[in-house]
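J.: Below are the sequence and a predicted model for it; my questions follow.
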Amino acid sequence: SMVVLAMLVPLAVLVPQHVAHAASSAPLLPGETLWNGVPSYMFGGDDTYNYEAGFDSNTSIQSQVKAAGVPLIRASMETVDETNGNPVPDSKNIQIAQAIQNSGATCMADLVQPVTVSQALHLVSILRPYCSIFEVYNEPDYSPAVTEPNYMTFWNSFVPQARAQFPGTLYGGPVLADEYGLNDPNYMQNFLADAAASGVAPDFVSFHWYICGNGQSTCLSDTANSTPTHGKTVANWIAQDFPGKSIPLGITEWNADPGNPSYAYDDAFMSQFEQTALTGFEQNPYLSFATEFSLADFAGWGTLDMFRLDSGEAYTNTPAAIGSPRPMFTTLANEIASESGGTGGGSTPTPTPTNPPPAAPSISGFSPSSGAVGATVTLNGSGFTGATSVSFNGVAGTHLVDTSDSQVSADVPSGATSGPVSVTTPNGTAT
């Protein structure tokens with residue numbers, strides 16, 4: 001079995017040379033600020049599919065991420081586990097959100113397909129205590145594939161309902177595998193035009209980018225040449241389709257190459273790539289945020305993880321202890337320290353979580369006070385977000401509807417007898 005070692009390897013405190021940047025005019029997400037003229041969420045991290053237990057369950061990694069001051073973490077929230085096809089329980093998605101909260105970062109939750117409108121609304125309801133920023137789908141232009149018209153059908157149904165039920169939440173898309181659309185090069189342009197036509201404008205726009213598809217020999221030059229302007233075309237489309245609106249544009253997965261290239265185990269090269277990419281993003285006037293794939297999830301067969309999760313990974317310069325930061329994370333931490341005005345290694349100010357921790361449920365009353373099988377009973381109180389069951393004298397009710405944090409309803413089930421009514425949420429049970 002794998003043993004998680006408690007000793008942490010301290011981050012280097014060498015801070016890159018501080019270079020003044022012209023203040024970015026890109027619109028910012030809520031809670032975002034400018035660091036030395038650069039949007040602070042440009043230094044975000046990614047918590048992707050859980051290919052291997054990592055960031056979500058490793059508190060030492062969470063502590064190191066918090067010490068570095070990583071300001072934004074984007075995470076995959078699923079109803080079906082991409083790695084094995086099994087249903088994902090609410091408790092797992094809540095664990096992911098809590099890990100982000102423990103890291104002191106703002107949460108961006110990605111609602112991964114396949115997911116129905118009702119399932120997506122439920123995910124928002126259980127994640128709302130931790131997250132207020134939501135992406136709709138993940139790489140629908142790639143896998144699981146969803147055509148742009150079908151994506152718009154979901155978007156135009158889900159987003160207005162979510163905004164009405166959960167005021168203050170933000171929704172973005174189309175979260176493409178590349179800037180324009182991997183298997184449909186018109187996907188992004190059509191989404192923006194169709195969203196403008198339907199009147200359901202995105203609160204932000206996002207896509208993914210793996211920079212070094214041409215191999216190691218041109219990786220660093222490609223990165224240096226492209227990062228300062230990447231996103232320009234999409235930014236122009238946004239301005240064209242939504243005149244007068246300030247809609248942030250960002251990249252929610254970026255790195256060199258997810259295909260397990262041998263050079264990705266070379267810590268010195270990957271650290272150099274990291275610095276080159278961050279330097280370019282800092283000069284980019286079109287992007288508002290960027291989250292790097294990935295913190296620690298066995299991403300890209302482990303080559304793109306920023307922390308060691310497996311003692312067998314052949315990294316060239318990362319200590320063997322599970323949870324050790326790779327040099328590319330040290331590079332990120334030092335760049336955050338330089339741009340934010342902190343000194344690295346834990347003294348960088350970290351943002352306050354977007355929302356307070358969830359409260360246990362409490363019932364203040366219910367109506368009607370009695371009813372036959374099939375009757376709908378409504379409970380009033382607080383802390384009902386993410387309710388998983390309402391029981392009548394121990395028998396689970398049917399047709400559960402989690403209306404809001406203060407109200408939930410269910411139908412009296414067959415076999416119920418007179419007795420107490422209770423409600424169960426991920427945070428406890430109230431009777």
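T.: Great, that's in hand.

J.: contacts and neighbour counts: CA atoms only from here.
T.: Fine.

J.: what comes up buried for stretch 368-387?
T.: Residues 376-387 are the ones in stretch 368-387 that count as buried (16 or more other C-alpha atoms under 10 Å).

J.: Any chance of TSV for the residues you listed, columns secondary structure, pLDDT and distance to residue 120?
T.: Output for the buried residues of stretch 368-387, formatted as TSV (DSSP: H, G, I helix; E, B strand; the rest coil; pLDDT from 0 to 100; distance: C-alpha to C-alpha, whole Å):
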residue	secondary structure	pLDDT	distance to residue 120
376	strand	88	24
377	strand	89	24
378	strand	88	23
379	strand	84	23
380	strand	88	24
381	strand	88	24
382	strand	85	22
383	coil	83	19
384	coil	84	17
385	coil	78	14
386	coil	73	12
387	coil	78	15
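
J.: For those, work out which two are farthest apart.
T.: 376 and 383 (20.1 Å; C-alpha to C-alpha).

J.: Please identify the helix or strand for residue 332.
T.: Assigning secondary structure by DSSP states H and E places residue 332 in helix 327-340.

J.: Run through the neighbouring helices and strands of that helix.
T.: With contacts defined as 3 or more C-alpha pairs under 8 Å, 6 or more residues apart in numbering; DSSP states H and E, the secondary structure elements packing on helix 327-340 are helix 59-68, helix 267-282.

J.: Strands along the stretch 101-250 of the chain, start to end?
T.: 106-111, 133-136, 170-176, 204-210, 249-255 (DSSP state E, counting those that start in this stretch).

J.: Can you lay out the ones you listed as CSV showing mean pLDDT and mean neighbour count?
T.: Putting these into CSV (pLDDT from 0 to 100; neighbours: other C-alpha atoms under 10 Å) gives the following:
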stretch, mean pLDDT, mean neighbour count
strand 106-111, 98, 26
strand 133-136, 98, 25
strand 170-176, 98, 25
strand 204-210, 98, 23
strand 249-255, 98, 25
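
J.: Can you lay out those as JSON lines showing distance to residue 413?
T.: Below are the strands of the stretch 101-250 of the chain laid out as JSON lines (distance: least, C-alpha to C-alpha, whole Å):
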{"stretch": "strand 106-111", "distance to residue 413": "32"}
{"stretch": "strand 133-136", "distance to residue 413": "35"}
{"stretch": "strand 170-176", "distance to residue 413": "36"}
{"stretch": "strand 204-210", "distance to residue 413": "43"}
{"stretch": "strand 249-255", "distance to residue 413": "44"}
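
J.: Against which helices or strands is the helix or strand bottoming out on mean pLDDT in the chain packed?
T.: Lowest mean confidence among the helices and strands of the chain (mean pLDDT, DSSP states H and E): strand 398-404, at a mean of 71. If you count contacts as 3+ C-alpha pairs under 8 Å, 6+ apart, strand 398-404 packs onto strand 407-411.

J.: next helix or strand past the strand it packs on?
T.: Downstream of strand 407-411, the first helix or strand assigned by DSSP H and E is strand 421-425.

J.: could I have the helix holding residue 332 exported to CSV, CA atoms only?
T.: This file holds the C-alpha atoms of helix 327-340, laid out as CSV (Å, rounded to 0.1, in the frame of the first residue of the first chain):
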residue,chain,number,x,y,z
PRO,A,327,10.2,22.3,-9.7
MET,A,328,7.5,23.6,-12.0
PHE,A,329,5.2,24.2,-9.0
THR,A,330,8.1,26.0,-7.3
THR,A,331,8.4,28.1,-10.4
LEU,A,332,4.6,28.9,-10.2
ALA,A,333,4.8,29.7,-6.5
ASN,A,334,7.8,32.0,-7.0
GLU,A,335,6.1,33.8,-9.9
ILE,A,336,3.0,34.3,-7.7
ALA,A,337,5.2,35.8,-5.0
SER,A,338,6.9,38.1,-7.5
GLU,A,339,3.7,39.4,-9.1
SER,A,340,1.6,39.6,-6.0
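
J.: tell me the angle that helix makes with helix 267-282.
T.: 30 degrees (axes from the mean of the first three to the mean of the last three C-alpha atoms, to 10 degrees).

J.: Can you read off the pLDDT for residue 202?
T.: Listed pLDDT for residue 202 reads 98.
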